[in-house]
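Visitor: Quick one, structure for this:
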Amino acid sequence: MPESHSSNEIQPDKLYYTIGEVAAVFGLNTSLIRFWEKEFDILKPKKNKKGNRLFTQQDMENFHLIYHLVKERGYTLEGARKYMKNHPQKIQADFEILKSLKKIKQDLLNIREELK
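Guide: Residues are numbered from 1 along each chain as shown. Sure, this is the predicted structure:
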């Protein structure tokens, strides 16, 4: 998971995220989020009457997957698109394992802090 502050995390009960909230969660510029939206057709935020993007939980999961491939594993955008197309089950399984491990790591760090 991206390194984020507790107030900037994906919240399972939240219906929509603004582009600013997505930027805060992933520590990215809004321009990069808009660019990735054009580059990856799995990102399909809704737009309100003003034209503001509203990202759903599914969009956030898809964005997190793209973030993982590009920023954490070093794939090019083209490489990430091809990998997602050719290995959808494998990448999702690996990604879920990675999220679990990062949560365990954070829990252990929290425990260590409490023991100090």
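
Visitor: wait, what's in contact with residue 33?
Guide: By Cβ atoms under 8 Å, 6 or more residues apart in numbering, the residues touching residue 33 are 19, 22, 23, 26, 63. Quick note: C-beta positions are derived from backbone N, CA and C, even for glycine.

Visitor: Give me the three-state assignment for it.
Guide: Secondary structure, DSSP: H, G, I helix; E, B strand; the rest coil: residue 33 is helix.

Visitor: Please report the distance of residue 33 from residue 16.
Guide: 14 Å (Cβ to Cβ, to the nearest Å).

Visitor: And for residue 59?
Guide: According to Cβ to Cβ, residue 59 stands 9 Å off from residue 16.

Visitor: Compare the two (neighbour count), which wins?
Guide: Shown here are residue 59 and residue 16; by other Cβ atoms under 10 Å, residue 59 has more neighbours (20 against 16).

Visitor: Check the secondary structure at the more buried one for me.
Guide: Quick answer, by three-state DSSP: residue 59 is helix.

Visitor: That one against residue 45, yeah?
Guide: Yes - the pair residue 59 / residue 45 is scored as a contact, 5.4 Å apart, by Cβ atoms under 8 Å.
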